[in-house]
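A.B. asks: 3D model of this:
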Amino acid sequence: MKKLPAARGLAWFSGSITLLRAQPARLLLIGLVLQLLMGFTQVGALGFLLIVAIPALTAGVMQSMSVVERGFRPPLMTLFCAFSEPQKVLRFFVLSLVMITIGTLTAGAMLSGIAGSIDAEFLAQLEEGDLEAIAMANPALIQRVAMALALGLMVSGAIVYFSVPLIWFRNRPTGAAILEGLVGMLRNWLPFLVLGGLLAVVAMPVAILTITLLANPLSAGASSTILTLIMLLMMVAYQLLLFGAQYLSFKEIFGTGEEDTKSVSDDSQLVA
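C.D. replies: Take a look at the predicted model:
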């Protein structure tokens, strides 16, 4: 495990852009499929299964980035490559449960003081994305709920950021992967601070466009469809930028260790 200078955050950011430029069409396709799957996370039991599968799908994106880095085009099914290794899938399942539990407890702790002021109807509207009901709610309440959800997501993200590639590339047990991943992030907080600042700057136009479209929906027509498609592509590209930085930072701090264990394949070398 290495301790790196702050400037490496900029290197991860620029390196991630280079990865996206190497295979933009294929990576966007993989990102769109992942986004499509995540669109079903609120559909009952299927939604829960997809949430549990997030670490395994993330490992598939990490493997795709590795293939692109080595000059090949990743097959679309690379997204699901983790499911071919039952032992690692089980570790990812345990990681998902840890992520959900700690994230929920963190958000719940922030909301504990206002739990009595949040009724079940408002929570249901919040889950359904009812913008009108949310806009009419108490601004202070909305701010507290948003901060709680954001903190829960940040904690969950910190848990899985390095633990997913540690399990996938280094074959680490779940508990050890979580601990090593958190230590790696803490030891390298300076480059991650730089990386976070750069990602926040890039996120601004994506957030502005999304908020604009949600607050002022256009009438049905070609212009609305085109803007919605642009928004979707921007969101997917931003997510891929995050994944690329995640892969590159992991590789530099821990090393993938995959040179002797994983072979590179292209579209003409698929193995079922």
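
A.B. asks: and the contacts of the helix or strand hosting Ala45?
C.D. replies: Under the criterion of DSSP states H and E, Ala45 resides in helix 44-52. With CB atoms under 8 Å, 6 or more residues apart in numbering as the test, helix 44-52 has contacts from 37-38, 40-41, 93, 96-97, 100. Quick note: C-beta positions are derived from backbone N, CA and C, even for glycine.

A.B. asks: compare these and tell me which is most surrounded.
C.D. replies: With neighbours taken as other CB atoms under 10 Å, the top of these is Ser96, carrying 21 neighbours.

A.B. asks: next, count neighbours for the closest residue to that residue other than its chain neighbours.
C.D. replies: Distances taken as CB to CB, 6 or more residues apart in numbering put Val52 closest to Ser96, at 4.3 Å, once the chain neighbours are dropped. Close neighbours of Val52, defined as other CB under 10 Å, add up to 17.

A.B. asks: how near is Val52 to Thr101?
C.D. replies: Using CB to CB, to the nearest Å, one obtains 12 Å as the distance from Val52 to Thr101.

A.B. asks: how about the helices in the stretch 1-150 of the chain?
C.D. replies: With DSSP state H, counting those that start in this stretch as the criterion, the stretch 1-150 of the chain has helices at 8-22, 24-38, 44-52, 54-69, 86-111, 120-128, 131-136, 139-170.

A.B. asks: so which of these is the most packed in?
C.D. replies: Compared across the helices of the stretch 1-150 of the chain, helix 54-69 shows the largest average neighbour count, a mean of 24 (mean count of other CB atoms under 10 Å).

A.B. asks: quick one, that helix and helix 24-38 angle?
C.D. replies: For helix 54-69 against helix 24-38, the angle by axes from the mean of the first three to the mean of the last three CA atoms, to 10 degrees is 180 degrees.

A.B. asks: quick check: angle from helix 54-69 to helix 44-52?
C.D. replies: 50 degrees.

A.B. asks: counting by contacts, list what helix 54-69 packs against.
C.D. replies: Applying 3 or more CB pairs under 8 Å, 6 or more residues apart in numbering; DSSP states H and E, one finds that helix 54-69 contacts helix 8-22, helix 24-38, helix 86-111, helix 139-170, helix 222-253.

A.B. asks: looking at those, which is nearest to Ala177?
C.D. replies: helix 139-170 (3.9 Å; CB to CB).

A.B. asks: please work out the average pLDDT along the closest one.
C.D. replies: Averaged across helix 139-170, the pLDDT comes to 83.

A.B. asks: from the chain's centre, how far out does whatever helix or strand comes next after it sit?
C.D. replies: As assigned by DSSP H and E, the chain's next helix or strand after helix 139-170 is helix 174-187. Distance of helix 174-187 from the chain centroid (CA atoms, centre = their mean, to the nearest Å) equals 17 Å.

A.B. asks: let me know the angle separating the following helix or strand past helix 174-187 from helix 174-187.
C.D. replies: Note on helix 174-187: by DSSP H and E, the next helix or strand toward the C-terminus is helix 189-215. Inter-element angle recorded for helix 189-215 and helix 174-187: 100 degrees (by the same axes, to 10 degrees).

A.B. asks: in the protein, what secondary structure element scores lowest on mean pLDDT?
C.D. replies: Least confident element among the helices and strands of the chain, by mean pLDDT, DSSP states H and E: helix 131-136 (a mean of 55).

A.B. asks: returning to what we had before: quick check: of the contacts of helix 44-52, which lies closest to Gly175?
C.D. replies: Checking the contacts of helix 44-52 one by one against Gly175 (CB to CB), the nearest turns out to be Leu97, at 12.3 Å.
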